[in-house]
Each structure stands twice: as structure tokens, then as C-alpha cells.
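Asker: build me a model:
(2 chains)
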Amino acid sequence: MIKRTLHVGLLVLTLFLFGSGDIHQSHACAGYTITVGSDGSPRQELITQIMAELIRQRTGTKIKLQRFDSQNELVTAAEQHHVDLLVVTGGRATRDAAAINEDKLKLLMPFGYQESQVRPAFHVATLKRFPALQRLVNRLAGIIDDETLRRLEKSIDEDGDLRVVAKKFLQEQKLIFGS
Amino acid sequence: MTPAYFVNLRYNLLFFSTLCGILFSLFLGAFAAAQSPLTLHLKNTQLDQDSIWQDQVLIEGTVEVLRGATLTILPGTEVRFVRLDADGDWLGESGLMIKGGLRAEGTRQQPIVFRSAEENPRPGDWNEIRADFSREVTLRHCEIRDSVAGLHAHYTSGIMENCHLRLNIDGTRFGEARFSIRNCLIEQNEAKGILTRKSTLQLEKNIFRNNGAGLFFMEDDRASRVEENNFYANQHHLRLGDFSKAEIQTSNNWFGSADSQHWQKKIYDQLQDPDLGRILTNPATAWRSGAGLQDRLFFQRSWQLQTDGFIDASPLVAAETLYAASWDGHLYALDPQGVLRWKKSLGAEIDASPVAADGRIFLQDWQRQVFALSEEDGSVRWRFRYPESPADDHRQGALLPVGELVLLPAWGGTLYALDSASGEVRWQLTGHLPLRAAPVWDGEQIYLSSGDGTFSAIGLDGKEVWTQTLSAPVLCSAAITPAGPVVVARDGQLSAFSPTGKLRWRRELAETSYYSGPLYHQGMIYLATAAGQLRKLDAVSGEQVWQLSDLGAFYGSPLIVGKRLFVGNNLGQLYAVNIDSAEILATYQVGRDIQTTPVMFAGQLVFGSRDGNLYALKLVESSEEKMEE
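Answerer: Residues are numbered from 1 along each chain as shown, chains lettered A, B, ... in the order given. This is a model prediction of the structure:
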């Protein structure tokens, strides 16, 4: 009888905790929301849109885009796991002078532009939970060279909608579906 | 007069004018309320008590229905969401959050619509109808469009029936939810029609078309039942997400073709990506009838008119008058009640449809006479006669008015361009004997079907631009599509050409097709043949969507009104068919063959029969739904 009461109590407590989650929880998608961060530069805005659209379409995961004021702020937020996925540039991307905390962030293969000094990076805990994401985001490796980037930036000037430009690029690369 | 009097007078006037003003305002208010429904405008709001919405609701932000409260939305309500994008992710944020209950039950005649408030709506303008741990979510006869994720339900049980999910990014998302989704139309959703994760869904009798992925399994959805649905024209009909390792079982669904080579590439699983799980299909071998939004209709006779001959010529509606020609040699002009306005004897059998332009009716008869008649009283404005030929036996083509010309397909193979005002010959093109079908005009060129098996494009100057030879005589008119004409030969060879005469696609139907031509409607071709087959095909690719068989020989072309196709056969049966579901909604039996194309006239469906009668039917909507338990 005591055991049964405990079970019922535990169930009620679980339901209560699920049901009274804070705003962040209640806006998450069935448990999965990947936060993708950018340093606020137009170029990073584009690259994060491309990564977001790729993950959104191929895994069904909800994505939250978060903008920071600088690369430093972004990396700090990522190391604290306020961000799951980000774009790292310069010395951090080349692993120069131990500029990145590899216990916290896992660098992926470079996109291809700026002499390959720009890479995506995941928080290691995110990859531990969703190992398929590494393979997925690595599909972007080497396909965004300087010329491609210039073309995409020109498209943004013409179209104005980052999401549309990102989506079209991924469709051209046959990485997502859509016409 | 004393000053006091003036004071009183001023007071009385002031009082009276104020009273009039108030009454006038009340009258105006009542008038305005009667004229346009009130709009309930809600910003970020929490509803902690049961609420009812009706008419117009505008949401700017998130409206949250708290636990213990139920939101009921009445039939005919339109809920519009203002596009907000505070976080700059290009996705709208307005939405509904249901933690209590949601009952949105429209009707077929009065659906409930959830949509963007933008003038030019796009997928993603608003976020979603989010249901978390909700005790009741019921959506019936709802349309959800322009959203990020349609209905997005977690840990919630519910029902979605007869709903139309379209033009969203994702039509609907389920996470650890239990839902029954039946008789829905899920189309044109940019990414996914329905996304499911660890949910138990019962998906039956739905149509998924023109979505990025029709049904997307995010992760571990083994418990869902996916049966009796139709999938076509999706980039992927079924797709596993990159996280999914599950083995999904589906059965008895139609994937657009009986040929597995054709549809297998649209099932995205470990055959495309070895890291993914598996989808087991066990497909149906034909279109699943009764899927999609349910439709009910029955015919009720409004009036009929007896003539003394077969009525094979399709009736014409012009200037609020119906014109019908009979083999008895008369043209009849009727009002919407079927009362004869006038009747004109022309002397010989008429089996080609009359046409109208500039206040005149043009038609030809079996004595090879062409008439221009006044719409008003049938008086003859001019008459033209063309010579005899060996092909003068039966079935003439209707004339075609184009600008100042009226084009006459003569039995003897000559296409005459007559001056529509005088009947004088402007030019003539000879050589394709016999002509039994009306020419058609795409705004640039005339397309001419001929009994000698040719199909030609002709300029408005009478010069032949190109000619294609088909496998058999062509006895019906072509359908004009945005990509060019589509024509069927007597042996069932269905060909689609570009405006320059290049063959775009061809299907060998291997069945007889006489006078019933293809019909183009919203990207699709509909064809009813003399072999009793009714087909729907994609106008761009020629791929067949569905086919109904053994319906009796069709000699008349179909008519489409809204989502319904009407066509009659040689057994005297007129069918109403829903063009989405392919379901036969109603049948009306008359005495003999129906070879006319029906027309709509003052809300009535009018057609002729070889029993000599012209029939007008009312289309009676039935609210009865036949949802199988």
C-alpha cells in the first residue's frame, strides 16, 4: 500500500514538474531545441541560418537563433553551454595558442572560406546527446568557399530574407528537400 | 420672449439634438455590427476561464489558455495572427498556447481558419497552436495556414479531422502525443506535412501532396498506425529524420504509382542513408478512395425542358440566359427558371455547341450553315454556308470567337476565319479533313484538332505555325495549360506539347477517346474517355494521380466547379466526383446518353441528353459526415 502510494505520489510530482515548467521549457520542442549563436556580423548571421535550416529540416529539431555582440561573448556563452552550436573564427578555428577550450567545444571541419579559418563548433554535451549532429553539420565542410559566400551575400542584398537564401543554397547542394 | 424662454429653448434643443445624436450613433453602431463582424483583438493574454470565439479574432503575441479553461471556437471563425519577429530569426512569433482545452469544430460549409494577418502571407508568418499537456484538443473542419508549425502538440491527446493544413513550414508537429488524424488534406507545406516524434498517431485516409516531406518521423515512432493514406507529388512521401534509427511499419498507403521503382526513391530511409532506420511500406496498389476532406452532395431536379431531338450540343450561358441547341433544329433561350424566352428554328440538326460574343450567338448546323443570331431574340444577323464534303455525317465542332473573328471548323477540313460582324471570310486554311472539334485559343495561337490525326498551331493570320501527327484521328479539342496544349487522339494517345510544338510528355492510355477532351484545372488534367475511365493527371509531368474505372462511356467533357467534377456518360448517368478524393459524391440518372458538357447556370447544373431533355439540377449540400468508426 505504501509502495503504491509512493508510486502515485511520484507520478503526480512528475506530472506537476512537467506541467509547471518555466517559460524556456514550455517553449522547447518536445525536449529538443538547439540554440545556434552568431557574433552578430552579417556573415555569421548567414552561416548560422544555413546551419539552422540544415538541422531543422533534416532532424526536425526546433532551432533558436541567438545573437551576441562579439566573438568573445559568443564563445564564452557557448563554453557555458548557453549555446549549442556556433561559428568560430581566426585563431580559435585554427586551434592556435590553445584559444579554444576543447573540453567544452568540439571544432568541426571548416566551411571553406577565409582560408578555412572558419569552422562550426558544438558544445561537447550537445554532441554527446545528439551524436548525429556532427556528421550532419560536417556536410557543410568545404562547400562554402569565398566565391560562394560572395554569391550568397549578393543574394541577400537582392532578396533580403536570410532564411530564403539559406534554404535555396541548401537545396542547390541537395542537402535539404524543397524546390 | 423672455431670456428664460431662450434658455429653455436652447436647453431643449441641446437635449433633443444630443438625444438624436445618441440614437443615430446607436443606429450606426447596430448597422455596422450587422454589416461586418466584430474583431476581437488580443495581445499577450492569458485565458483562465472558458471562452468562446466567433467571427474575427486578431492575435498579436501569444494567447495562452490556462489549465482548467477551455477555448471553444465556433464555425466560421477566422483567427488571424500578426507577424512579429522580435528575435530576428525570420520566423513569426504570434500563436496560441493551449494548456487547458481547445475545441475548434467548424463545419464543411463554415470552416474555422487560422491564418496570417499579413496582406501577402507566407509560411512562417505566425508560430503555432501549441498544446502542452492538454486534456482535450479537437480540431474539425479547420484550415491552418501560413504558420511555422501548425498544431504543435506535446503530451496531449486529441483528434484532427477534415482539416486542411497548407502553406505552413511544418503542417503539424507531434511530440510524445496521441492523436487521431483522419480525412485531412495536407499540402504545400514547405518542410514537412506532419512531423512526429515518439508519438502514437493514427493516420488514416489523409492526402499528403506537394509537401517537402509528407510524413516525417523524427525519432522512434514505432507505435503509429499509418494506413489508407494517399501520398503524391511530395519530394519525399515518408522520411526519417537524421536522428531516427527506428523501424517504422506502414501499410496500405498509395504512393502515386503501382511501380515501386517510381515511388521507392521518395521513401527516405536507410536505402538512401545507411545511418538511418527503416520504413516498411506494404503499399496499396491503387488510389485509396474516400481519403482527404469529406464532401457530401446530392442532386435535386430543378426543371427540365423537352425537345424533339437529341441534345448533344453543350449548353451555353450568356447574358443571364441559357442557350441550348437540339437535333430538332432549334436553338432554345431560357431563363434561370427554365422558362422559354425564345426558340429559333434553324432548319437542320445541331450537335455543336453555340458560342457567344458581342451580343451574338454563333453556331452551325448539319446543312453546313453558320448563323450569327441576336442574343436578344434569335433574329439572324448573318448567315454563311460552306461546301459539301465526304465527311458530312455527324458531330460538328463549335465555333471560336477571337477578337473580330469567329473561327469555323468545317466538316470538309477547312478552318474559316469569318468577320464576326458581317460573316465575310477573312481567311481560310484548308487541308485537315474532317474537322469535328472546336479550335482553341491560348491568347497567341489557335490549336486545331483534326480527324486526319494531325494537331496544328495556327497564327491569327491563318498561317500554320507547326503541325504534329498523332497516332489516330483527333476528335476533341485540346486543353490549354500554362506550359502548352494537351490533346488526346482517338486511340488514347495523350500528348502534351509546348507552344512551339515540342512534345513535353506522352501517355499511351490504350483506350478509345472520341469527343470528350482533356480539361485543365489548377495544374491538373482531367480526362473522361469512351472506355469509361476518368483520370486525373499532373499537367506538367503527365503522371497519373488517380483513375476511376467502369463508369460507362464518356462522350462529353467534364466540368469542374470548385472541388467537384461533373460528367455524364452514355448510360444516362451524371456523376459528381470530388477531384481531391476521387470519391463519387452523387449520381443522377436520365433516360438516355449524356454527351454534353454540363454548365452552371444561376446555381444550377444544366446538361442535355439524348432522351431529348434539357435538365437543370440543384446541388444540395449535405452536412452529414460519414466518418467511419
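
Asker: what about residue B:118, how many neighbours?
Answerer: 15 (other CB atoms under 10 Å in any protein chain shown). Any C-beta I mention is one placed from the backbone N, CA and C, and that applies to glycine too.

Asker: state the distance from it to residue B:77.
Answerer: The gap separating residue B:118 from residue B:77 is 19 Å, by CB to CB, to the nearest Å.

Asker: repeat that for residue B:440.
Answerer: 43 Å.

Asker: swap in residue A:170?
Answerer: Relative to residue B:77, and taking CB to CB, residue A:170 is found at 37 Å.

Asker: and for the residue nearest to residue B:157 when sequence neighbours are not counted, the neighbour number?
Answerer: In space, not counting the residues next to it along the chain, residue B:157 is nearest to residue B:178; the distance is 4.4 Å by CB to CB, 6 or more residues apart in numbering or on different chains. If you count neighbours by other CB under 10 Å, residue B:178 ends up with 16.

Asker: partner residues bridging residue B:178?
Answerer: residue B:157, residue B:200 (DSSP bridges).

Asker: test my guess that it contacts residue B:196.
Answerer: No: applying CB atoms under 8 Å, one finds residue B:178 not in contact with residue B:196, separated by 11.0 Å.

Asker: what's the next secondary structure element after the helix or strand of chain A with the lowest mean pLDDT?
Answerer: In chain A, no helix or strand scores lower on mean pLDDT, DSSP states H and E than helix A:23-26, which sits at a mean of 32. Using DSSP states H and E, the helix or strand that follows helix A:23-26 in sequence is strand A:33-38.

Asker: which elements pack onto that next one?
Answerer: helix A:42-59, strand A:62-67, helix A:71-79, strand A:85-89 (3 or more CB pairs under 8 Å, 6 or more residues apart in numbering or on different chains; DSSP states H and E).

Asker: next one: the longest one to chain centre, how far?
Answerer: Averaging C-alpha coordinates over helix A:42-59 and over its chain gives two centres that are 7 Å apart (CA atoms, centre = their mean, to the nearest Å).

Asker: cool, stretch B:483-491 as well?
Answerer: That offset, for stretch B:483-491, works out to 21 Å (CA atoms, centre = their mean).

Asker: what secondary structure does the residue of the stretch 501-629 of chain B at minimum distance from chain A sit in?
Answerer: Nearest residue of the stretch 501-629 of chain B to chain A, counting by CB to the nearest CB: residue B:540, 11.8 Å away. Following DSSP: H, G, I helix; E, B strand; the rest coil, we place residue B:540 in the coil state.

Asker: could you do the one 5 residues further on as well?
Answerer: Secondary structure, three-state DSSP: residue B:545 is strand.

Asker: and if you look at residue B:526?
Answerer: Residue B:526 ends up strand, using three-state DSSP.

Asker: ok, it - contacts?
Answerer: B:518, B:519, B:520, B:534, B:535, B:536, B:537, B:558, B:560, B:565, B:579 (CB atoms under 8 Å, 6 or more residues apart in numbering or on different chains).

Asker: show me which pair in these is furthest apart.
Answerer: Greatest spacing in the contacts of residue B:526, by CB to CB: B:520 and B:534 (15.2 Å).

Asker: neighbour-wise, which of these two wins?
Answerer: For residue B:520 and residue B:534, the more surrounded residue by other CB under 10 Å is residue B:534, and the numbers stand at 23 against 18.

Asker: gap between the more buried one and residue B:315?
Answerer: For residue B:534, the distance to residue B:315 - CB to CB - is 21 Å.

Asker: buried residues, stretch B:191-206. List them.
Answerer: B:191-201, B:203-206 (16 or more other CB atoms under 10 Å in any protein chain shown).

Asker: give me the distance from that stretch to the chain's centre.
Answerer: 26 Å.

Asker: what is the end-to-end distance of that stretch?
Answerer: 18 Å (CA to CA, to the nearest Å).

Asker: check stretch B:594-612 too.
Answerer: OK, stretch B:594-612 end separation, CA to CA: 10 Å.

Asker: how about that stretch: buried residues?
Answerer: Buried, per 16+ other CB under 10 Å, within stretch B:594-612: B:594-599, B:601, B:604-612.

Asker: residue B:440 and residue B:77: which is more packed in?
Answerer: residue B:77 (23 against 20).

Asker: report how many residues lie close to the nearest residue to residue B:517 once chain neighbours are set aside.
Answerer: Nearest non-adjacent residue to residue B:517, counting by CB to CB, 6+ apart: residue B:476, 3.4 Å away. Residues lying near residue B:476 (other CB under 10 Å) number 24.

Asker: quick check: residue B:476 touching residue B:449?
Answerer: Yes: taking contacts as CB under 8 Å, residue B:476 lies within contact range of residue B:449: 6.3 Å.

Asker: quickly list what's touching both of these two.
Answerer: B:437, B:487.

Asker: quick one: contacts for residue B:257?
Answerer: Residue B:257 sits in contact with B:263, B:543, B:544, where contact means CB under 8 Å, 6+ apart.

Asker: and residue B:511, by the same measure?
Answerer: B:492, B:529, B:530, B:531, B:533.

Asker: which of these are buried? Put it as a PyMOL command.
Answerer: Entered in PyMOL, the line below selects the buried ones among these, by 16+ other CB under 10 Å:
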select buried, chain B and resi 492+529+530+531+533
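
Asker: what is the nearest of the contacts of residue B:511 to residue A:76?
Answerer: residue B:533 (68.4 Å).

Asker: now that closest one, nearest residue through space, not along the chain?
Answerer: Distances taken as CB to CB, 6+ apart place residue B:549 nearest to residue B:533, at 5.6 Å, with adjacent residues excluded.

Asker: okay, now the unreliable bits of chain A?
Answerer: Chain A contains residues with pLDDT under 70 at A:1-31, A:90-99, A:116, A:178-179.
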